[in-house]
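Participant: Quick one, what's the 3D model for this:
(chains A, B and C)
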Amino acid sequence: MSHFVLIDGNSIANRAFYALPLLSTSAGLHTNAVLGFTTMLLKVLEEMKPTHIMVAFDAGKVVFRHSEYADYKGGRAKTPPELSEQFPLIRELLDAFSIKRFELEGYEADDIIGTLTKTADEQDWKTTVITGDKDMLQLVSEHVSVALTRKGVSEIELYTPQEIQEKYGLKPLQIIDLKGLMGDTSDNIPGVPGVGEKTALKLLHEYGSVEEVLENIDRVSGKKLQENLRENVDKAKMSKELATILREAPVELDVQETGYTGYDGVTLSDFFKKMEFKSLLSKIKVEAPDDGQAANAAPFQYEVISAENAEKYADKLTSPMAVYVEMDGDNYHHSPIVGFGLSADDVNLFVPWDVAKEWKAFCQWLADGSQEKWTFDGKRDTVGLAWHELDIKGINFDVYLASYLLNATESNPTLDSIASQYAQVRVRSDEEVYGKGAKRLLPEMDVLSEHAAHKAAAIWQSVPVLREQLTENQMNELLNDLEAPLSMVLALMEKQGIKVNRDRLTQMGVELDAKLEELTKQIYELAGTTFNINSPKQLGEILFDVLDLPVLKKTKTGPSTSADVLEKLAPYHPIIDAILIFRQLGKLRSTYIEGLTKEIHSQSSKVHTLYNQATTATGRLSSTEPNLQNIPIRMEEGRKIREAFIPSEEGWYMLAADYSQIELRILAHISGDENLIDAFRNGMDIHTRTAMDVFGVSEEQVTSLMRRQAKAVNFGIVYGISDYGLSQNLNITRKEAGDFIERYFSVFAGVKQWMEDIVKQAKQDGFVTTLLHRRRYLPDIRSSNFNLRSFAERTAMNTPIQGTAADVIKLAMIRMQEALQEKGLKSRMLLQVHDELVFEVPQDELETMKNLVPEVMESALELQVPLKADVNFGHSWYDAK
DNA sequence: TCGATCACG
DNA sequence: ACGTACGTGATCGAC
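Facilitator: Numbers count the residues shown, from 1 in each chain, chains lettered A, B, ... in the order given. The predicted structure follows:
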């Protein structure tokens, strides 16, 4: 049966461009949209096996078929030059694929596709439209499906009339009514103000179409909504018209011409070479396609090692070699080990755990630092194996860290996604192999062994491609001198763990229980009824319906009951204070008493966190199971939790050192603002100094209110300031906040200049970097959507600051671990909390460490201003203040 | 599974 | 005019 595939070329190119990092060839040609387009095409050809295929493009000036609305598409951002220059390449790509392309002067791709699907409908052809544009769902019919790309262009979601019914409860043609009511900012379709997807769907479910809604305005529920509809009748009608895809374009195309018989492998591979798509080369058949039989590369082969045949394979253990340690479970402090996948040029092996641990040659090879290993998450391997008394040394490349550095926005890279980007072998996701949630179970050994061998092969194949891209981004040092050594330092810290006094926690829990019980009683009495205080919904009903308190802020689901709202409501009713305390204590009990107790390791009686080195967009670490980076400190009751964190050896001390104002110091350095640099060089209290400058007073005249406000301004600066954000924080008007900011910028003109420059730079490059070349892509920086763009602009200002601070403390940690080793100290580094390091220290090393730790931290990186670290110690983390 | 809330820097 | 502070993770209730 024939299958006609129609591709919306402009939409796919746009999607691909904004979803992928701005890659370029060594000659400086941008290729990310071409790459995304290619990936999509290969997928479509393989999965849909079209007999006919074509790609439609917009061409020339779009004819204003809606002359009554000249703004049409006016709000659309100009196509950035980095994308426009790729369109000729995409045309070349299609020619290389032997795929027919089509454009029509004065018409958009939508119109061409709309017209062709109409013909297809009339002739009973099975047709699929590929696009990123939801508007196109209106074309769906019995014969026509629409495939929407997701996550950029890597995934496809197929819509038939059934799916549209399930997802929206609408018929395909009603998608037009949906757009008419809710509008579409990216296409500059206005819609009805105040009507979003939810409201629009509700209206359509009731009335069926825009026209019917407009005829029944009086029956619509909601005064405001009625008013909005009444005032925007014309807008709604026009929006619907704008959203309607033209199906009568003068397309003169003989569908038979789009018949597809495959591509010429040589032409296509030449094109890939020119684009430097190395990982794609092996995915295509280089001989000309023949009978359509899959003439793929040799099937994947691997061998399973047994106790009997192991010796025969000893000489296959080479350097370098890819190693994947397959474990059963996500938390490697507890996971049993399944076995090892190994891979090199001409060999793929699987060594089951029972065989591995008895195989001497293998264990020696594994522990031999001169035998180079390539891994995926070497920290996981190191710690996981350490729990089973096995050493792994010589880790020389970590594809997990590498792929994170290349794109930090896609957090927690998985091996299956890395493989699909950089390797030829296909790796199934762990979820697919093990099942997820309650359905998780350990699969058969042959499934596991193949899975592990695939992973090792994927590592092996990815390394050369990753190396090349790292070089291009100037990230080799960042990986080799920062992230990779850091991962081994973190491995030590995680395996070491931190001692937690369980009895102390239990005792605090008992006290909390008593207080919570008392508070619960009080709250029920004040409310006149019992309810679940932990449910924002039920609490909202009590506060705003029963007690009739004013609603100051709303969330998507109802009135907000968050702490900042409750604080403002406190004067109205005594129940508020009780609720605030209940929340505070409840949090302590569930998260920090019960949660932390659950995490105490049965084997070591300590807590062993997992530091995630590839999660954050800025380069910071994060900590889970348990999160030791958010242990309370601001309120005294919570801070007491820190009394339970104690040294693991008799007579030792806890020592904590934190950077003072590291982010503002970094801002001083990178902005080069002379005033800010001067302030830090003179060792001044930066908030007081800011208050002096902003309020124009002398040091003695700075009141505590002025200092507090200046402090908030400094925070705002680091976050990428806005008058609204500052006004919320300080509870002042927007105007007042705006005045503060203006005064700040007139005093710190260098900071202002830097902020303007960095946003400009980000718009140009599509990314920002830290001092050590860490990179964050900002796909929304050129968005026409004000919110998205503003967010990206604030991120452009914040990320270099927060990210450089992360770089600095990471450097300090590496130096610190080296120093401990060199000096033969017994002290151990246990925790990192963004700008703080925590150690346990024997008494006779206290004096040494009190000097050494700040010294190492302060000299981690030389800036135009001094770095400063304060150090404290005591018998618990609480006392190290 | 998601949103609200709140703990940290 | 637009509607927000930057970066995380854990717990709970509601769906």
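Participant: C-alpha only now, for contacts and for neighbours.
Facilitator: OK.
Participant: pLDDT below threshold where in chain A?
Facilitator: The model of chain A has pLDDT under 70 over residues A:25-28, A:60-78, A:151-152, A:154, A:185-188, A:285-298.
Participant: check contacts around residue A:248.
Facilitator: By CA atoms under 8 Å, 6 or more residues apart in numbering, residue A:248 lies in contact with A:111, A:114, A:115.
Participant: Write out the residues of the stretch 401-550 of chain A neighbouring DNA strand B.
Facilitator: A:437, A:536 (CA under 7 Å from any atom of the strand).
Participant: ok, which stretches of the stretch 401-550 of chain A are strands?
Facilitator: Under the criterion DSSP state E, counting those that start in this stretch, the stretch 401-550 of chain A contains strands at A:498-500.
Participant: Find the nearest non-adjacent residue to the residue in it positioned nearest to DNA strand B, please.
Facilitator: Nearest to DNA strand B in the stretch 401-550 of chain A, going by CA to the nearest atom of the strand, is residue A:536, at a distance of 5.4 Å. Using CA to CA, 6 or more residues apart in numbering and skipping the chain neighbours, the partner closest in space to residue A:536 is residue A:561 (6.5 Å).
Participant: isn't there a helix covering that neighbour?
Facilitator: No: read with DSSP: H, G, I helix; E, B strand; the rest coil, residue A:561 is coil and lies in no helix.
Participant: so who does it touch?
Facilitator: So residue A:561 contacts A:536, A:539, A:540 (CA under 8 Å, 6+ apart).
Participant: Surely the last one touches residue A:557?
Facilitator: Same thing as residue A:540. No: under the criterion of CA atoms under 8 Å, residue A:540 is not in contact with residue A:557, lying 10.7 Å apart.
Participant: Which one of the two is surrounded by more residues?
Facilitator: Legend: neighbour count by other CA atoms under 10 Å for residue A:540 and residue A:557, higher for residue A:540 (19 against 8).
Participant: how far away is residue A:23 from residue A:472?
Facilitator: Relative to residue A:472, residue A:23 is positioned 9 Å away (CA to CA, to the nearest Å).
Participant: Counting neighbours, go ahead and name the busier of those two.
Facilitator: residue A:23 (18 against 14).
Participant: How about the more buried one, nearest residue that isn't a chain neighbour?
Facilitator: For residue A:23, the closest residue by CA to CA, 6+ apart turns out to be residue A:32, at 5.1 Å.
Participant: what does residue A:879 give?
Facilitator: residue A:873 (6.5 Å).
Participant: OK, contacts around the one you found?
Facilitator: By CA under 8 Å, 6+ apart, the contact list for residue A:873 reads A:653, A:654, A:655, A:656, A:879, A:880, A:881.
Participant: how deep is the first one tucked in, by neighbour count?
Facilitator: In terms of burial, residue A:653 registers 25 neighbours under the definition other CA under 10 Å.
Participant: In this structure it contacts residue A:645, no?
Facilitator: No: between residue A:653 and residue A:645 there is no contact under CA under 8 Å: 10.8 Å.
Participant: Find residues that contact each of the two.
Facilitator: residue A:876.
Participant: The nearest residue to residue A:159 once chain neighbours are set aside in helix, strand or coil?
Facilitator: Nearest residue to residue A:159, sequence neighbours excluded (CA to CA, 6+ apart): residue A:146, at 5.1 Å. Assigned state for residue A:146: strand (three-state reduction, three-state DSSP).
Participant: Residue A:146: how many residues sit nearby?
Facilitator: Residue A:146 has 28 neighbouring residues, counting by other CA under 10 Å.
Participant: That one contacts residue A:133, doesn't it?
Facilitator: No: counting by CA under 8 Å, residue A:146 stays clear of residue A:133, with 9.7 Å between them.
Participant: who's in contact with residue A:350?
Facilitator: Residue A:350 touches A:302, A:303, A:304, A:305, A:339, A:340, A:341, A:342, A:449, A:450, A:452, A:453, counting by CA under 8 Å, 6+ apart.
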